[in-house]
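Peer 1: Okay, sequence plus prediction incoming.
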Amino acid sequence: MTTVATELRLTPAAGRIGAVVHDLELSGSLGPETVAAIESALYRHKVLFFRGQQHLDDAGHEAFARLLGHPVGHPTVPSADGRYIFELDATKGVRANNWHTDVTFVPSYPKASILRSLELPEAGGSTVWANTAAAYDDLPAPLKVLAESLRAVHTNDYDYAATLALTPELAENREIAALFRQVFVSTAFKTEHPVVRVHPVTGEKSLLLGAFAQRVQGVSGADSRALLELFQRYVERLENTVRWDWQVGDVAIWDNRATQHYAVNDYGDQPRLVRRITLDGDLPVGVDGTPSRLLEPTEPPAVAGLVPAEQLEASALSAG
């Protein structure tokens, strides 16, 4: 494998989103030309896949991430390493089988995420990404005008256990389910985002929705839900997606400003362990130039020690 390149060897993974990067060993010592090539490919393909990265440990994961931006911890959930590593361990009960963009309940949500696989089920456990810029492009002209005029409230204050599908044993245990929720909403965030945001690098328009989008501002009840479902259907169209079947040592990087993703929960009680680092993002801006805004500012969360470890079945909860 090489560590320096000015051009990447890429294979498209699907028609509208995703590419596999060949012959590149990820590390914190990659040269600036290679980093620039990765960033360029990421903006074009939205998600990049790298096989055979078993050499990466947590420190190497973070060192590589720093080449692409500034790592940030989850706003309400303790990290696995006390710094930036966000661990998703299916054996501990939480599975992110919903369509979402990472951490959109805060204003400047992450610009990108870097996920590496450590342990996988014998079969299943793939992840699906959707191109939200292609979804916007698919909208008929009248719906583009409507979407561009709307703003949606994103929040982490909802039934986390039900939405992210705790294992049946944990979901039925009200005490454990309440503890999961207590950690995740230890700080209640509500942020208003434009339904259509403009990408700060590519200039593309994309739909900013997903599971954390709970209502449309100025629209009540059923109509709000209907609008969210209408636009979300365009995101989830199979033509706009790519499905990745993980191997141990794989790394995926996605542009969190132009994608949603869904972790498929089809592997029963088998293990699935992945670790993620997110990179600090920018404040989204709508087509009219109006930025996102925090509706409910709160004190910085202090989740460490909030719930005794022996009481909680998972050391980290998946928001993404």
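Peer 2: Good, I have the coordinates. Numbers count the residues shown, from 1 in each chain.

Peer 1: Okay, now the unreliable bits of this structure?
Peer 2: 1-6, 75-82, 93-94, 158-186, 297-320 (pLDDT under 70).

Peer 1: do you know how far Ala112 is from Leu295?
Peer 2: Distance, Ala112 to Leu295, by C-beta to C-beta, to the nearest Å: 25 Å. The way it works is simple: take the backbone N, C-alpha and C, and place the C-beta from them, glycine included.

Peer 1: Tell me which of the two has more neighbours.
Peer 2: Neighbours per residue (other C-beta atoms under 10 Å) separate Ala112 from Leu295, with Ala112 holding more: 23 against 14.

Peer 1: tell me the contacts of the nearest residue to the more buried one once chain neighbours are set aside?
Peer 2: Distances taken as C-beta to C-beta, 6 or more residues apart in numbering place Leu279 nearest to Ala112, at 4.7 Å, with adjacent residues excluded. Residues in contact with Leu279 (C-beta atoms under 8 Å, 6 or more residues apart in numbering) are 65, 68-72, 110-114.

Peer 1: And Gly124, by the same measure?
Peer 2: Neighbour list for Gly124: 264, 266-267, 270 [criterion: C-beta under 8 Å, 6+ apart].

Peer 1: Columns neighbour count on top of those residues, output as CSV?
Peer 2: Listed next are the contacts of Gly124 as CSV, based on neighbours: other C-beta atoms under 10 Å:
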residue, neighbour count
Val264, 16
Asp266, 13
Tyr267, 17
Gln270, 15
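
Peer 1: ok, back up a step: and the residue nearest to Ala112, how far from Leu26?
Peer 2: Distance of Leu279 to Leu26, computed by C-beta to C-beta: 14 Å.

Peer 1: Can you name the element that comes right after the biggest helix by length in the chain?
Peer 2: Longest helix in the chain by number of residues (criterion: DSSP state H): helix 221-236. Per DSSP states H and E, the first helix or strand lying C-terminal to helix 221-236 is strand 241-244.

Peer 1: doesn't Val201 make contact with Tyr43?
Peer 2: Yes: using C-beta atoms under 8 Å, Tyr43 makes contact with Val201 at a distance of 5.7 Å.

Peer 1: Would you check how far apart Leu68 and His55 are?
Peer 2: According to C-beta to C-beta, Leu68 and His55 sit 18 Å apart.

Peer 1: And His261, by the same measure?
Peer 2: Taking C-beta to C-beta, one finds His261 at 25 Å from His55.

Peer 1: And Ser126, by the same measure?
Peer 2: 23 Å.

Peer 1: between those two, who's got more neighbours?
Peer 2: Comparing Ser126 with His55 by other C-beta under 10 Å, the one with more neighbours is Ser126, at 16 against 11.
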